[in-house]
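build me a structure from this.
(chains A and B)
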Amino acid sequence: MKQLFVFIRKEFFHVFRDRRTLLIMFGLPVVQILLFGFALTNEVKNAHIVISDNSGDVQTLQIINKIRASSYFTVEESVLNYKAIEKAFRRGEVKCALIFPAHFSEDLKHGGKTQVQIIADGSDPNTAKTIINYLTAIITDYQQQSSSSGLAYRIIPETRMLYNEEGNGSLNFIPGVMALILMIVCTALTSVSVVKEKELGTMEILLVSPFKPVLVLIAKAVPYLVLSFANFTLIVLLSVFVLDVEIKGSVILLFVESTLFIITCLSLGLLISNATSSQQTALLLSLMGMMLPTMIFTGFMFPLENMPWIFRMISNIVPAHWYFLIIKAVMLKGLGFEYIWKETLILIGMTIALLGIALKNFKIRL
Amino acid sequence: MEEKAIICKELTKQFGDFYAVNKISFEVSKGEIFGFLGANGAGKTTAMRILCGLSYPSSGTASVAGFDVYRQQESIKKNIGYMSQKFSLYENLTVLENIEFFGGVYGVSRKEIKERSNDLLETLGLQKESRKMVGELPLGWKQKLAFSVAIFHRPKIVFLDEPTGGVDPVTRRQFWDMIYEAAASGITVFVTTHYMDEAEYCNRISVMVDGRVEALDTPANLKHQFSADTIDEVFYQLARGAKRSAD
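Residues are numbered from 1 along each chain as shown, chains lettered A, B, ... in the order given. I've put the predicted structure just below:
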């Protein structure tokens, strides 16, 4: 135990004396948080939509058929009560809801003017905005058709972005940046710090010493765990005070889930360090092999809905994808553990597998 | 009977068809300086790794400091020191931090570390530099410090893998003075080197060729046996017969 302490102390010396790495570590989140403020807009296909048709007449059916016919939407079975709609949103089963009021066609017949409500999942603002635009366009199109046939209907869509009423674009990328930063700090820096010892020849000395090899890994991981916490806190503070993002769910749950993800990343870093023997390779592998999939497959930059199925399958094996879903649910939607236990379980499974392989390989190398 | 620090009997390490170490047998007495020579690829490193408890032999027996290389690797590790050809201290830790770290890893108590490190810095004349980063020291100093750190926990045996590579002749001479001192204090020194003048400083030397120990005796006896003037010549006569190419 005393030996472990001595070792961890040494690791902290290494980290704090490497000013450049420290700067990267804490400068990166600031830069990224500010940069990603300009999120990209993308096309969405086959978005799941629930239609609540309280009117159920010719006009609404015509509109519904138009929606069905478009490639942008997959219409789920109609639900009538608001609670059921909300439940579907919480589970993430639907991206959007369209609600026709009961007096829809009557209003059209008598006043030539009525309203529909469109609700979209605002925790994913890019997708939500795009979906709302599509729906509005379809309804406008229907109006024009009807007016050319002599009936001047006016349908006014009333839209709502659920979980994010103002359509704050910065919301969605924050969990993404969190995943990205933790990935970089934990995976890349841990792997580099282990490989560095190999490269310098100090690893040999450590292996010859009575110090247990597994403890080497633990001692290496501890400083980065601490720093990742600091980093995570920094991102949360930046989000709250600079970008005015409100944390809807439990902060404790957020920290617990993040700790889990940090451990996942550390395991990945250790795995990489086992497979490589130079710092450059380790860094390259961490950055190309981990960062790129994180950016692409979490869904925070490019909507996953739009990707071919094979890519959606791949996204399932990217740990950051699950972490992203969890953080989005907790931070932006304010959901409790009962909604994210499945994702958490998957992440735990991945961590155990990665750590297991890393430790086993480390022993073989002796 | 004289106490033996290392005993090897028919020690073999096989990788597939390749015998990296082929039935080597030798004994090293306590407090002896034992030179372990051989061309690159002759199997020195593999043999040394086994003796340090880093890998298992394929067959044969060996004991280091009285512990068996098959079953007691942990005990071996506690009783040996090791210094490799690569510089093996942390450059971005200070002299004192390096000593404290390696002392701590070997389980030396804080009080002991403090006392011994004071003595050590005094002997090396490094008191003023104790708070300097090791990276700022000249190579000769670094190597001497690395050796001191390797024997800091008072091991029974210290393994030196080409410890003087790239060091100037004056520092090498000083380095060997330190080795003699260590040996005089009862530490067995097991050293590999490519400098044949250094081989002359050893009590006994062995020469490995193609995984086997081809010669083993005191430098004087070997020169006599091969009717050579220097160990250099002895080494050439033996190494010329090698079939394996150097790696």
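
tell me the secondary structure of the spatially most central residue of chain B, please.
Centroid check for chain B by Cα atoms, centre = their mean gives residue B:160 as the closest residue, at 2.2 Å. Counting by DSSP: H, G, I helix; E, B strand; the rest coil, the backbone at residue B:160 sits in strand.

how about the residues of the stretch 201-350 of chain A near chain B?
The stretch 201-350 of chain A has residues A:201, A:202, A:204, A:205, A:206, A:207, A:208, A:209, A:210, A:211 near chain B, with proximity defined as Cβ under 8 Å from any Cβ of the partner chain. C-beta here means a position set from N, CA and C on the backbone, and glycine is covered the same way.

residue B:19 belongs to a strand?
Yes - assessed with three-state DSSP, residue B:19 lies in a strand.

and it, how many neighbours?
17 (other Cβ atoms under 10 Å in any protein chain shown).

distance of it from residue B:50?
13 Å (Cβ to Cβ, to the nearest Å).

what is the helix or strand where residue A:30 lies packed up against?
Assigned by DSSP states H and E, residue A:30 belongs to helix A:19-35. Under the contact criterion of 3 or more Cβ pairs under 8 Å, 6 or more residues apart in numbering or on different chains; DSSP states H and E, helix A:19-35 touches helix A:2-17, helix A:170-182, helix A:213-241.

what do you get if the cut-off is 7 Å, keeping everything else the same?
Applying 3 or more Cβ pairs under 7 Å, 6 or more residues apart in numbering or on different chains; DSSP states H and E, we find helix A:19-35 packed against helix A:170-182, helix A:213-241.

and it, what's buried?
Neighbour counts over helix A:19-35 (16 or more other Cβ atoms under 10 Å in any protein chain shown) mark A:21, A:25, A:28, A:29, A:32, A:33 as buried.

likewise for stretch A:350-360?
Buried residues in stretch A:350-360 (16+ other Cβ under 10 Å): A:350, A:351, A:354, A:355, A:358, A:359.

run through who's touching that stretch.
Residues from elsewhere that reach stretch A:350-360, judged by Cβ atoms under 7 Å, 6 or more residues apart in numbering or on different chains: A:214, A:260, A:263, A:264, A:267, A:268, A:270, A:271, A:274, A:319.

just the buried residues from those residues, in PyMOL please.
Command for PyMOL that selects the buried part of the contacts of stretch A:350-360, burial taken from 16+ other Cβ under 10 Å:
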select buried, chain A and resi 260+263+264+267+268+270+271+274+319
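
filter the contacts of stretch A:350-360 down to just the ones in strands.
The members of the contacts of stretch A:350-360 all map outside strands under DSSP state E.

keep only those of the contacts of stretch A:350-360 that are in helices.
A:214, A:260, A:263, A:264, A:267, A:268, A:270, A:271, A:274, A:319 (DSSP state H).

hmm, what's the outermost residue in chain B?
residue B:128 (29.0 Å).

just want the phi and psi numbers for it.
Here is the backbone geometry of residue B:128 (degrees, to the nearest 10): phi -70, psi -30.

for the closest residue to chain B within the stretch 201-350 of chain A, give its distance to residue A:274.
Closest residue of the stretch 201-350 of chain A to chain B, Cβ to the nearest Cβ: residue A:201 (2.9 Å). According to Cβ to Cβ, residue A:201 and residue A:274 sit 17 Å apart.

low-confidence ranges, chain B, go.
B:1-2, B:245-247 (pLDDT under 70).

ditto for the stretch 251-366 of chain A
Scanning the stretch 251-366 of chain A for pLDDT under 70 picks out the ranges A:363-366.

now do the helices in it.
For the stretch 251-366 of chain A, helices defined by DSSP state H, counting those that start in this stretch occupy the ranges A:251-275, A:279-286, A:292-297, A:309-315, A:319-327, A:337-364.

ok, residues contacting the fourth one?
For helix A:309-315, contacts defined as Cβ under 7 Å, 6+ apart pick out A:297, A:304, A:321.

now it: buried residues?
residue A:315.

how far off centre is that helix?
How far helix A:309-315 lies from its chain's middle: 15 Å, per Cα atoms, centre = their mean, to the nearest Å.

one more: the fifth one?
Mean C-alpha position of helix A:319-327 versus that of the full chain (Cα atoms, centre = their mean) differs by 5 Å.

save the contacts of helix A:309-315 as a markdown table, and put in neighbour count too.
Formatted as a markdown table, these follow (neighbours: other Cβ atoms under 10 Å in any protein chain shown):
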| residue | neighbour count |
| --- | --- |
| A:297 | 22 |
| A:304 | 16 |
| A:321 | 25 |
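
helix or strand for residue A:129, which one?
helix A:125-148.

sheet partners, orientation included, of the helix or strand just after that helix?
The helix or strand immediately downstream of helix A:125-148 is strand A:154-162, counting by DSSP H and E. In the sheet, strand A:154-162 lines up against strand A:113-121 (parallel) (DSSP bridges).

next, the buried residues of the partner strand.
Of all the residues in strand A:113-121, those buried under the rule 16+ other Cβ under 10 Å are A:114, A:116, A:118, A:119, A:120, A:121.
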